[in-house]
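Engineer: Got a predicted structure plus its sequence, pasted below:
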Amino acid sequence: MALWKPDPTFYPSPKLAMQAPPEKLAYVVALEPNAYNDSGKGRPDVLMVVDTDPDSPSYGQQVGQVEMPNLGDELHHFGWNACSSALCPYAPHPHIERRYLVVPGIRSSRIHIIDIKPDPRNPQIVKTIEPEEIFARTNYSRPHTIHCGPEGIYVSALGSPEGDGPGGIFLLDHFSFEVLGQWEMDRGPQYLHYDFWWHLGYDTMVSSEWGTPKMVENGVQPDVLLNSGYGHHLHIWDLRKRRHVQSLDIGAEHQMALELRAAHDPTKAYGFMGVVVSLKDLSGSIWLWHRDNSNGSGKNGNGGWSIQKVIEIPAEPAEPENLPPILQGFKAVPPLITDINLSLDDRWLYVSCWATGELRQYDVSDPFNPKLTGSVHLGGIVRQTPHPKNPNEPLSGGPQMVEVSRDGKRIYFTNSLYYSWDEQFYHNGLKTWMVKVDADPNGGMTLDENFFLESADYRMHQIRLEGGDASSDSYCYP
Amino acid sequence: MTNYWPWLLLFLMGAYHGINPGMGWLFAVSLGLQEKRWQAVLKALPPIAIGHALSITVVVAVAGLALANLPLFPLRVVVAALLCGFGIYRLFRSRHPSWVGMRVGFRDLVLWSFVMASAHGAGLMLLPILLGASHNGHPAPSTTNMGHQHQMHNMGPMHDMSHMDHAMPMNHVMPMQQGMQAGSMAEMNHPDPMQHMGAGGHMEHLSHLLTPSQMATFNSPARCLAAVVVHTLGHLLVSGIVALIVYKKLGLAILRQAWFNLDLLWTIALIITGIFILFV
């Protein structure tokens, strides 16, 4: 039933959302590794509930969880049924509730709808969309990123039911969770897919490229990588006509164009794309896409777009005996930029260097000239930097899925990437952890010594914060 | 017999539609914010009003045709069923048009506004006014009593109440007033004699155009068009004022507090008016 007043977690603009109260709970998806190996001891994946209220006695601890009904979903990314975009002027429905988490399994192609309202610490699965339904209605599989759009839930999918391409986006109805079908009307040359987001003020969608399910599910394939087979394009779409407008090629030596973080302010037409690795020197890079009327003309008459590299993070030399087999020949650890996140004021960009074990903070007030303002080391293939709460325990994994609170003061991150890739790069085993960093309003950040959550049974991946966070909502007003 | 209430109500319904953020002013504000110019707010208002007017026109035209050609009682039953049905549908399936797009031109805004108004049943809201007014004004003066007689036969349990209303001079309570605007009704009843006097005075030119006896019957193209214009003026005026106040003064934070679920209220009002229309 609809509410009489707008859901209190909806904010018209990112500026107003920054005044939101601090989150007291975080939701974290976690996979159960034994479900993906030959041990025969596997259990289903879980959605964990973590206490983020510093005044609570269970601060920084897990306070609840819900187990999935099936084995081997590989929970990965997830999102809300509705968010601040419900206030958008062209399809307003502000009296819907932000209440359900939409949680896909990237391996099983099953989607779980989880209700957090009756008891936020004890969420309940209220609906399961089976893979067959998604295959039949969308001809896609491996659902991934969820964005609550102004007129429906957008879901990215890595590929076809057979495990090839093309990957793309499909729509879910945000009232009934019915699978509505493929989003694209004309995909142009787009084949590989990973992430997507949009500039609502410009009716423009952007999407990135990883690989088809067959190219990624069993780990990085060295032959594909060395032949530049992974994605290296950013695609620009007309959000309204659902048409491909432009492909921006960043060059074949750059492999795996993953996370997209568009400016939250809908009047700004730029955003950042994280690229995992360069074949030339194993560096990782961040690219800025922006509107540029001089670069061709978009078919929608909105002018063209351009892209340029704005951050490059070099690989670090290493002794081969400290490296997993896949990296030994290179005698270096690439940073492997696997996630980035942008604060709601579009000022701070956080960059996860998963393999070197570093979280970086950049001031991107001038998006063309980011300034490195902070760095925290934790884990890493070679460094294995411990957490201050337990300085004697070398950590595996590295900063990975990173989430920023709406006010921009608290940054949370976990260390697991994707089962088969965890095994490849942290071949001695990956023990999961989730930590929190306090961000200085003037730049710089420090680890919160009291927030160090470990789990022996699961591997934690994406985090969603109660009421919304810096990658969950989009806004139609500046 | 003169009755200006329908016109006032049409205007007030326009104002009510105009105050709903989903009916246009919010879109105008967002376009102003996107372009960072208040002129963009103003520029968006006319196409939004036109789209709204077009949607209303469809309903008014159909109602006008029906009023001119069909007996009133079956019409009331059909309208009652329509309002209740639509209201109940929206109560259980509170959908919104899946429009996508902020980069809109004049034609886009006309279409958007038309779609929004139609999907919300904005025109349906006017049916009780059109029908109620016809019920008052439809019969020529000489047949008024006959009309009343006829109606009283059909009244059943409402007979007494209706009779009391008749006891008050020149005041025939209409379904909209009974169903939705009970609060303001008393207030509106009050100035009725004044207006009645006005009809003989400075409003004579209007009376000339639309003879007093048929002042508020909506069974001719001219009067239907006038109904649309009056309603749309109410919509344009209020949405324009609200848009500019929010853009210039209040800011968007007001949305979080003041965006009352008008759609739900609207839905309930539709059902209630649908029921009342059977009994007047």
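Structural biologist: All right, it came through fine. Numbering: from 1, shown residues only, chains lettered A, B, ... in the order given.

Engineer: Isn't A:Leu171 up against A:Ala157?
Structural biologist: No: if you go by CB atoms under 8 Å, A:Leu171 and A:Ala157 don't touch, sitting 11.1 Å apart. (Each C-beta comes from the backbone N, C-alpha and C, glycine too.)

Engineer: packing partners for the top helix by length along chain B?
Structural biologist: Using DSSP state H, we find that the single longest helix of chain B is helix B:38-69. Secondary-structure packing of helix B:38-69 (3 or more CB pairs under 8 Å, 6 or more residues apart in numbering or on different chains; DSSP states H and E): helix B:25-35, helix B:106-119, helix B:127-137, helix B:221-245.

Engineer: if we go to 10 Å?
Structural biologist: Packing partners of helix B:38-69 (3 or more CB pairs under 10 Å, 6 or more residues apart in numbering or on different chains; DSSP states H and E): helix B:5-19, helix B:25-35, helix B:72-92, helix B:106-119, helix B:127-137, helix B:221-245.

Engineer: and the fourth one, which residues are buried?
Structural biologist: Think helix B:106-119. B:Asp108, B:Leu109, B:Val110, B:Leu111, B:Trp112, B:Ser113, B:Phe114, B:Val115, B:Met116, B:Ala117, B:Ser118 (16 or more other CB atoms under 10 Å in any protein chain shown).

Engineer: Spatially nearest residue to the last one, not counting backbone neighbours?
Structural biologist: In other words, B:Ser118. Of all residues not flanking B:Ser118 in the chain, B:Ser55 sits nearest, at 4.5 Å (CB to CB, 6 or more residues apart in numbering or on different chains).

Engineer: So that neighbour sits against B:Pro97, correct?
Structural biologist: No: the pair B:Ser55 and B:Pro97 does not pass the contact test of CB atoms under 10 Å, sitting 11.7 Å apart.

Engineer: what's the overlap in contacts for these two?
Structural biologist: B:Val115, B:Met116, B:Ser118, B:Ala119, B:His120 (CB atoms under 10 Å, 6 or more residues apart in numbering or on different chains).

Engineer: and the third one, what does it touch?
Structural biologist: Contact partners of B:Ser118, counting by CB under 10 Å, 6+ apart, are B:Gly51, B:His52, B:Leu54, B:Ser55, B:Ile56, B:Val58, B:Val59, B:Pro97, B:Leu124.

Engineer: That one and B:Asn261: what is the separation?
Structural biologist: Per CB to CB, to the nearest Å, B:Ser118 is found 20 Å from B:Asn261.

Engineer: A:Val46 too?
Structural biologist: On the measure of CB to CB, A:Val46 and B:Asn261 end up 36 Å apart.

Engineer: just the helices in the stretch 301-450 of chain A please.
Structural biologist: Along the stretch 301-450 of chain A, the stretches classed as helices by DSSP state H, counting those that start in this stretch are A:325-328, A:419-425.

Engineer: Going by neighbour count, list what's buried in the last one.
Structural biologist: Buried residues in helix A:419-425, counting neighbours by 16+ other CB under 10 Å, are found at A:Tyr419, A:Trp421, A:Asp422, A:Glu423, A:Gln424, A:Phe425.

Engineer: do you know how far the closest residue to A:Gly105 other than its chain neighbours is from A:His235?
Structural biologist: For A:Gly105, ignoring the flanking residues on the chain, the nearest one in space by CB to CB, 6+ apart is A:Asp73 at 2.7 Å. Distance, A:Asp73 to A:His235, by CB to CB: 28 Å.

Engineer: thinking again about what came up before, out of the buried residues of helix A:419-425, who's nearest A:Glu319?
Structural biologist: For the buried residues of helix A:419-425, the minimum distance to A:Glu319 (CB to CB) is 16.1 Å, reached by A:Phe425.

Engineer: My read is that the closest one contacts A:Leu323, right?
Structural biologist: Yes: counting by CB under 10 Å, A:Phe425 touches A:Leu323, with 9.2 Å between them.

Engineer: Could you tell me which residues touch both of those two?
Structural biologist: Residues touching both A:Phe425 and A:Leu323 by CB under 10 Å, 6+ apart: A:Val333, A:Ala355, A:Ile381.

Engineer: Name the nearest residue to the second one, ignoring sequence neighbours.
Structural biologist: Ranked by CB to CB, 6+ apart and with sequence neighbours excluded, the top spatial neighbour of A:Ala355 is A:Leu336, at 4.0 Å.

Engineer: can you list the residues of the stretch 1-150 of chain B near chain A?
Structural biologist: Contact residues, the stretch 1-150 of chain B versus chain A (CB under 10 Å from any CB of the partner chain): B:20-31, B:33-36, B:44, B:90-104, B:108-109, B:112, B:115-116.
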